[in-house]
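In: Test case, fold it:
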Amino acid sequence: MIKQFLFFGFLFLCLSANAQQESSFSHYMFNHQAVNPGYVGSRGLTNFTSVLRSQWAGIEGAPLTQTLSFSSPVSTKNVGFGLTVLNDKIGPTSTTSFDIDLAYHLRLNRKGHRLSVGLKAGVMNYALNPAMIKTKVSNDAAFVLENEKSILPNIGFGLYYYAQNFYAGFAIPRLLSHTDFATERHYYFISGGLVDLTKNFMLKPSLLLKQSKSVAGYDFSLLGIFNETFWVGGQIRNNFNADTFTSLKGAGTTALLGIHLGNRFSLGYSYGFPSSFLNNGLNATTHELFLRFDLATKVQGYLRSPRFF
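Out: Sure, this is the predicted structure:
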């Protein structure tokens, strides 16, 4: 019974991947570039960020995602440039995307309030390997598929507002639709900030809202930061049918912890507890590793600015 459940579950997931639900990350609060091109260059220094995510570990064909991004101000502090490479595998399907991000940062006042407008352009390579589809009946006619590869263009758009202790952004990272692959346009709203409680402790709330034609969802995180060095916290998330707003049984919770190593490295880890969708005697946990390297030394008190999120 469990094997049948997994088979049909992964069939559903493969179809969902073909409908191009965007990859999600627990560490979105540290890497807004993943969804909003307006973020690039906002930190005022050059940095590399990598996220490795293993979703529903222990289940064959479960989603695996790796991403590497680069962000830097160029020429003047008003322009930001970024690159993102993302690889996403789920069952017999895989997608690899390459995007270029460009943002212009407009200074709104002398208090450091800025509004950036970002554009994204890139391509996505989609591949289907039918040899990975296993059926009980050999050569089942319903699953006789050919290897499929396609390269799909993409453009995106984002607005990003940030100040000393607050940020908010709206983005559509994929504006183009491709009917052959049932791609859906996704809308993202992200917001958060910092709240000082004591000299050595602050809270960092973050919110991510997302919606496509078929699915809506939210991620809410709350981190506690100690001595501007260690952080620990939790995250809750859920997905809904976009038409009826009924839960899709994808609710889950995640624990996060991390550390800033010196002035250049940041390292984080998250552990996602099994969601109600998969918690049927299966140990389907989710693991994610976050790593960031800054080429320039951060200024003292850098965590107090959302530009360094």
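
In: Can you give me the neighbour number for A127?
Out: A127 has 14 neighbours, counted by other C-beta atoms under 10 Å. (Glycine included, C-beta is placed from N, CA and C.)

In: Please verify my assumption that it contacts G91.
Out: No - checked against C-beta atoms under 8 Å, the pair A127 and G91 is beyond contact range at 11.8 Å.

In: which residues does the nearest residue to R264 once chain neighbours are set aside bridge with?
Out: Excluding the flanking residues, the one nearest R264 by C-beta to C-beta, 6 or more residues apart in numbering is D294, at 4.9 Å. D294 has these beta-bridge partners by DSSP bridges: N47.

In: doesn't G44 make contact with D294?
Out: No - look at D294 against G44 with C-beta under 8 Å: they stay out of range, at 10.3 Å.

In: residue ranges with poor pLDDT in the stretch 51-200 of the chain?
Out: Residues of the stretch 51-200 of the chain meeting the criterion pLDDT under 70: 76-77, 130-147, 178-183.

In: rerun at 90
Out: 55-63, 74-78, 89-95, 107, 109-112, 126-152, 163-165, 174-186, 199 (pLDDT under 90).

In: now the strands for it?
Out: Using DSSP state E, counting those that start in this stretch, the strands of the stretch 51-200 of the chain run over 64-74, 79-90, 93-107, 114-128, 148-162, 166-172, 187-193, 195-198.

In: Make TSV out of these and add distance to S23.
Out: TSV is the format used below for the strands of the stretch 51-200 of the chain (distance: least, C-beta to C-beta, whole Å):
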stretch	distance to S23
strand 64-74	5
strand 79-90	5
strand 93-107	9
strand 114-128	11
strand 148-162	14
strand 166-172	14
strand 187-193	12
strand 195-198	29
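
In: Of these, which is nearest Q235?
Out: With C-beta to C-beta, the closest approach to Q235 among those belongs to strand 187-193: 12.1 Å.

In: what residues does that closest one touch?
Out: 28-29, 32, 35-36, 165-173, 204-212, 306, 309 (C-beta atoms under 8 Å, 6 or more residues apart in numbering).

In: Name the nearest residue to T65, sequence neighbours excluded.
Out: R53 is the one closest to T65 (C-beta to C-beta, 6+ apart), at 4.3 Å.

In: pretty sure the one you found is touching H287, no?
Out: Yes - counting by C-beta under 8 Å, R53 does reach H287; the two are 7.4 Å apart.

In: These two - which one has more neighbours?
Out: R53 (22 against 14).

In: Name the strands paired with the helix or strand harbouring A216 and say parallel or antiparallel.
Out: A216 is part of strand 215-226, with elements assigned from DSSP states H and E. When pairing is defined by DSSP bridges, strand 215-226 lines up against strand 201-211 (antiparallel), strand 230-241 (antiparallel).

In: Turn these into CSV, including mean neighbour count, distance to T95 and mean pLDDT.
Out: Listed next are those as CSV, based on neighbours: other C-beta atoms under 10 Å; distance: least, C-beta to C-beta, whole Å; pLDDT from 0 to 100:
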stretch, mean neighbour count, distance to T95, mean pLDDT
strand 201-211, 18, 18, 94
strand 230-241, 17, 20, 91
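
In: quick one on the thing from earlier: need the residues that contact the strand holding A216.
Out: By C-beta under 8 Å, 6+ apart, strand 215-226 touches 21, 24, 26, 28-29, 194, 200-211, 231-242, 245, 248, 250, 254, 256, 303.

In: Just the C-alpha atoms of it, please, in PDB.
Out: Taking Å, rounded to 0.1, in the frame of the first residue of the first chain, the C-alpha atoms of strand 215-226 are listed here in PDB:
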ATOM      1  CA  VAL A 215      -1.900  27.500  -5.600                       C
ATOM      2  CA  ALA A 216      -1.500  30.100  -2.800                       C
ATOM      3  CA  GLY A 217       0.700  29.900   0.300                       C
ATOM      4  CA  TYR A 218       2.600  31.600   3.000                       C
ATOM      5  CA  ASP A 219       5.800  31.100   5.000                       C
ATOM      6  CA  PHE A 220       6.300  32.900   8.300                       C
ATOM      7  CA  SER A 221       9.600  32.800  10.200                       C
ATOM      8  CA  LEU A 222      10.800  34.200  13.500                       C
ATOM      9  CA  LEU A 223      14.500  34.200  14.300                       C
ATOM     10  CA  GLY A 224      16.200  35.200  17.500                       C
ATOM     11  CA  ILE A 225      19.700  36.700  17.000                       C
ATOM     12  CA  PHE A 226      22.300  36.600  19.800                       C
END
